[in-house]
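> Need a 3D model of the sequence below.
(one chain, ligands or ions: 2)
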Amino acid sequence: MRPEILNPLFRPVTSLAGVGPKIGEAIGRLLGADEDQPRVIDLLLHLPVGLIDRRDQPGVALSPEGAIVTLEVRIDRHQPSPPGNRKVPYRVYASDDTGEIALVFFHAERSFLERTMPVGETRFVSGRVEWFNGRPQMVHPDHVVDREAFEKLPRIEPVYPMTAGLARKTLARAIQGGIADCPDLPEWLDPALFAREKWQSFKDSLALVHAPVTPADLDPAGPSIARLAYDELLANQLALALTRANLRRSAGRTRTGDGQMRQAIRQALPFSLTLSQEAAIGEIEHDLAAPDRMLRLLQGDVGSGKTLVGLMAAAIVIESGAQAVLMAPTELLARQHAKTLLPLAEVAGIRMAILTGREKGREREAILTGLADGSIDLAVGTHAVFQEGVEFRDLGLAVVDEQHRFGVHQRLALAAKGAAVDMLVMTATPIPRTLVLTAFGDMDVSRLTEKPAGRKPIETRTIPLERLGEVVERIGRAVAGGARAYWVCPLVEESEEVDAAAAAERFAMLQQALGPVVGLVHGRMKAAEKDEAMRRFVAGETRILVATTVIEVGVDVPDATIMVIEHAERFGLAQLHQLRGRVGRGAKPSTCLLLYRGPLGQVAHDRLAILRDSEDGFRIAEEDLRLRGEGELLGTRQSGTPGFRIASLEHHQRLLEIARDDARLVVETDPGLQSPRGEALRLLLYLYRRDAAIRLLRAG
Ligand code: ADP
Ligand code: MG
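Ligands and ions are numbered 1, 2, ... in the order given. The predicted model follows:
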């Protein structure tokens with residue numbers, strides 16, 4: 001139950017004076033509220049993006065382009081729209097000692113403008129100045145008032161991001177109403193930090209941000225916003241720390257095993273493990289041997305050999321007598337994992353089964369029985385592994401292969417709900433540390449930093465699409481000489497259907513040119529058809545595989561040495577890198593041809609050049625991040641720092657580190673949030689909608 005003291009903040013916004021259903025709806029749109037009804041607290045945490053500073057009166061000629069200024073001007077003349085042509089705006093020319101400015105009005109009512117701006121009188125106008133052909137103008141000033149009215153306006157007024165159907169004054173009044181209702185809350189911040197940063201209470205900080213006195217009050221680095229940002233970061237870190245503490249508490253098994261299965265796997269491998277694979281396995285062994293629950297992220301570029309690390313982790317748990325699952329993001333990938341792992345599992349004596357949505361009827365029954373009675377040690381599959389009706393005798397480890405789709409959030413949530421198992425999440429996305437921190441809190445990370453020995457670099461070339469004929473001819477020759485090639489078709493839009501059509505078309509064209517050696521796989525095909533297409537390619541029955549991006553996630557055919565990507569300019573950098581990573585896996589040198597439709601803009605050109613010049617996934621991801629922003633890397637499209645309304649890693653990185661340590665300390669010293677500060681911190685979790693973590697407290 002939410003503490004009663006918070007009630008005024010959790011009333012619907014329509015409870016505020018002046019906010020009826022219609023305005024309430026507009027506020028909902030503005031806040032992008034995904035829940036039913038926006039609450040007062042949501043409105044209060046909707047901070048201004050800037051302010052109008054009426055003391056900022058630079059004079060017409062000195063007004064900077066784009067700045068919001070206030071000008072004291074004399075109205076000189078009116079220039080109405082020409083009769084019958086309302087497209088030309090109505091202009092009012094006004095001036096001060098420094099120069100002349102045009103006040104511009106579209107679809108204006110003449111009599112109204114003449115009444116409010118009589119020629120010869122002084123007016124105070126404020127709004128955004130634009131310089132147009134060397135002349136200043138102000139389109140639809142925010143205010144045009146005489147001296148008497150001007151004296152009554154606040155000197156400084158916040159500016160909010162707005163939405164249609166919501167007047168600025170209405171919004172401001174609603175927010176002020178909310179602040180008036182805001183109770184004085186007990187302080188949840190660490191007193192030493194609070195004093196050191198010279199912060200003010202939650203309520204005072206909010207009040208100041210919504211009624212700024214100086215521009216510093218809206219500076220992200222200034223004390224008011226910094227405090228609110230810190231609150232948000234602390235709520236995030238505390239919720240994560242509580243979730244994590246809860247997860248850890250609920251495991252409490254130590255798993256060591258006798259090493260026999262691992263030994264058998266090592267001996268069966270035709271290569272030796274890389275140093276970073278060894279290091280990662282060592283870290284995992286250590287985690288599993290400890291009584292705490294493992295929550296580890298395994299980051300490694302495409303082709304760095306994560307799957308094997310996952311198998312070794314499973315082997316440890318299975319040696320100790322428990323079961324393991326390996327989850328892949330797609331059916332195709334699950335089958336491939338199963339196929340590559342099966343021979344190793346066999347030599348190790350690991351009893352393995354595949355379980356996806358496709359196993360049906362008696363086959364499925366047999367697998368479910370095996371998992372329930374423990375006669376199956378390892379299940380490889382899709383999320384179907386965690387569906388209802390699937391029971392394990394003793395599940396000890398979940399290995400989640402995310403590839404570059406970074407959905408770990410949900411998987412962790414899933415683990416929090418369900419089985420208390422150790423978790424290893426594998427991803428090819430080199431997620432920056434700060435993002436790991438905000439998304440998972442203090443998660444442990446292992447990195448595979450080297451590629452397996454003997455890998456040849458991939459030669460990457462960019463080629464304009466006009467030379468398609470040449471490329472087809474070259475591929476034809478290479479294939480006749482024994483090579484195997486992928487041909488990836490453009491991502492037309494976010495629709496498998498359209499992509500599939502493009503691929504089918506290219507398939508027909510290549511088949512006509514090169515004969516029956518061409519195969520096709522795309523997301524619209526039935527699973528059995530997909531498998532068959534993959535099987536034929538792996539077996540060498542087809543030598544060119546035309547595909548949509550379904551193959552980007554983890555397909556492993558070491559004999560393939562050529563990757564053609566059509567319309568490379570339409571793909572993201574990380575995605576191109578993923579696709580390219582499908583070749584260069586064997587001992588033979590590989591080639592990647594990036595076909596593009598010219599002319600390329602500067603950015604597109606630079607992007608392809610980065611890819612041509614680098615095979616370093618970390619560097620490519622950094623560039624990708626720079627070009628696309630953090631949000632997209634995490635799969636959320638909003639700009640700024642994902643999941644945060646106020647905090648931005650650009651400005652508050654330092655605070656994030658403090659919040660992490662703070663949260664960790666709280667969870668260590670007051671795990672049930674029962675001290676006075678703990679009680680206050682519960683309020684914070686409610687305010688920032690992280691109160692799901694409070695339920696864990698009670699459960700734990
Ligand atoms: P990813 O990290 O992209 O998931 P995989 O696990 O699919 O990489 O491994 C890519 C390929 O490298 C596989 O064919 C795998 O058998 C091989 N491989 C893994 N580890 C090594 C190693 N230490 N030496 C040589 N080849 C390896
Ligand atoms: Mg993989």
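
> domain parsing for this structure?
4-50+163-218, 55-153, 260-448, 458-614 (automatic domain parsing).

> For ligand 1, find the nearest of those domains.
Proximity to ligand 1, assessed across the domains of the chain by C-beta to the nearest ligand atom, is greatest for domain 260-448 (2.9 Å). Using the backbone N, CA and C atoms, a C-beta is placed for each residue, glycine as well.

> how far out from the middle of the chain is the closest one?
A distance of 23 Å separates the centroid of the chain from that of domain 260-448, by C-alpha atoms, centre = their mean, to the nearest Å.

> Briefly note if it comes near ligand 1.
Yes: residues of domain 260-448 are located near ligand 1 by C-beta under 6 Å from any ligand atom, namely 271, 273-274, 277, 300, 302-308, 428.

> All the strands of the stretch 101-250 of the chain, residue numbers only.
122-132, 135-139, 143-145, 156-159 (DSSP state E, counting those that start in this stretch).

> Serialize the domains of the chain to JSON lines and add fields for mean pLDDT.
Formatted as JSON lines, the domains of the chain follow (pLDDT from 0 to 100):
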{"stretch": "domain 4-50+163-218", "mean pLDDT": "89"}
{"stretch": "domain 55-153", "mean pLDDT": "90"}
{"stretch": "domain 260-448", "mean pLDDT": "84"}
{"stretch": "domain 458-614", "mean pLDDT": "86"}
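
> Where does pLDDT dip in the stretch 601-700 of the chain?
Applying pLDDT under 70 to the predicted model, the residue ranges of the stretch 601-700 of the chain that meet it are 622, 624-643, 696, 698-700.

> For this protein, what lies in contact range of ligand 1?
So the chain meets ligand 1 at 271, 273-274, 277, 300, 302-308, 428, 452, 554, 556, 558, 585 (C-beta under 6 Å from any ligand atom).

> Quick one: buried ones out of the residues you listed?
Among the residues of the chain next to ligand 1, those scoring as buried are 273-274, 277, 300, 302-308, 428, 452, 554, 556, 585 (criterion: 16 or more other C-beta atoms under 10 Å).

> For ligand 1, what's the nearest residue on the stretch 351-500 of the chain?
Pro452 (3.0 Å).

> Any figure for the gap between that residue and Asp76?
77 Å (C-beta to C-beta, to the nearest Å).

> Which residue of the protein lies farthest from its centroid?
Relative to the mean C-alpha coordinate of the chain, counting by C-alpha atoms, centre = their mean, the farthest residue is Gly120 (56.4 Å).

> The nearest residue to it once chain neighbours are set aside pairs with what?
Beyond its immediate neighbours in the sequence, the residue positioned closest to Gly120 (C-beta to C-beta, 6 or more residues apart in numbering) is Ile75, lying 6.6 Å away. When bridges are called by DSSP bridges, Ile75 pairs up with Ala94.

> again, but for Leu395
According to DSSP bridges, the partner residues bridging Leu395 are Gln323.

> ok, Ala313 - how many residues close by?
The burial count assigned to Ala313 is 28, neighbours taken as other C-beta atoms under 10 Å.

> thought it was touching Ile284?
Yes: with contact taken as C-beta atoms under 8 Å, Ala313 and Ile284 are classed as touching, separated by 4.8 Å.

> so what sits against both of these two?
Counting by C-beta atoms under 8 Å, 6 or more residues apart in numbering, the common neighbours of Ala313 and Ile284 are Leu424.

> one step back: in helices, which of the residues of the chain next to ligand 1 fall?
In this view, those that belong to helices under DSSP state H are Gln277, Lys306, Thr307, Leu308.

> Could you pull out the helices in the stretch 51-200 of the chain for me?
Read by DSSP state H, counting those that start in this stretch, the stretch 51-200 of the chain holds these helices, from start to end of the chain: 110-116, 147-152, 168-181, 191-196.

> make that the stretch 351-500 of the chain, sorry
Assigned by DSSP H, counting those that start in this stretch, the helices in the stretch 351-500 of the chain fall at 361-373, 408-417, 433-440, 468-480, 496-514.

> residue ranges for the helices of the stretch 601-700 of the chain, please.
If you assign secondary structure with DSSP H, counting those that start in this stretch, the helices in the stretch 601-700 of the chain sit at 602-613, 617-628, 630-633, 649-669, 676-687, 692-699.

> any chance of those helices in CSV, plus mean neighbour count?
Supplementary listing: those in CSV, determined by neighbours: other C-beta atoms under 10 Å:
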stretch, mean neighbour count
helix 602-613, 15
helix 617-628, 17
helix 630-633, 18
helix 649-669, 17
helix 676-687, 19
helix 692-699, 14
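
> Tabulate those in CSV, adding columns for distance to Gly84.
Converted to CSV, the helices of the stretch 601-700 of the chain look like this (distance: least, C-beta to C-beta, whole Å):
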stretch, distance to Gly84
helix 602-613, 44
helix 617-628, 48
helix 630-633, 48
helix 649-669, 51
helix 676-687, 57
helix 692-699, 62
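
> Those helices: which one's closest to Ala207?
Put simply, out of the helices of the stretch 601-700 of the chain the one that sits nearest Ala207 is helix 676-687, at 15.2 Å, with distance taken as C-beta to C-beta.

> Which elements pack onto the closest one?
helix 223-249, helix 649-669, helix 692-699 (3 or more C-beta pairs under 8 Å, 6 or more residues apart in numbering; DSSP states H and E).

> between those helices, which one is nearest to Trp487?
The minimum distance between Trp487 and the helices and strands packed on helix 676-687 falls on helix 649-669, with 39.3 Å, by C-beta to C-beta.

> Output that closest one in CSV, but only the C-alpha positions, please.
Taking Å, rounded to 0.1, in the frame of the first residue of the first chain, the C-alpha atoms of helix 649-669 are listed here in CSV:
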residue,chain,number,x,y,z
LEU,A,649,24.0,10.7,-18.5
GLU,A,650,25.5,13.7,-20.4
HIS,A,651,25.1,15.9,-17.3
HIS,A,652,24.7,13.5,-14.4
GLN,A,653,27.2,10.7,-14.9
ARG,A,654,29.0,11.7,-11.7
LEU,A,655,25.7,11.4,-9.8
LEU,A,656,25.0,8.0,-11.2
GLU,A,657,28.2,6.6,-9.7
ILE,A,658,27.3,8.2,-6.3
ALA,A,659,23.8,6.8,-6.5
ARG,A,660,25.1,3.3,-7.2
ASP,A,661,27.3,3.3,-4.2
ASP,A,662,24.6,4.9,-2.1
ALA,A,663,22.1,2.2,-3.1
ARG,A,664,24.5,-0.6,-2.5
LEU,A,665,25.2,0.7,1.0
VAL,A,666,21.5,1.1,1.8
VAL,A,667,20.8,-2.5,0.7
GLU,A,668,23.7,-3.8,2.8
THR,A,669,22.8,-1.9,5.9
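
> Report the inter-axis angle for that helix versus helix 223-249.
An angle of 50 degrees separates the directions of helix 649-669 and helix 223-249 when computed by axes from the mean of the first three to the mean of the last three C-alpha atoms, to 10 degrees.
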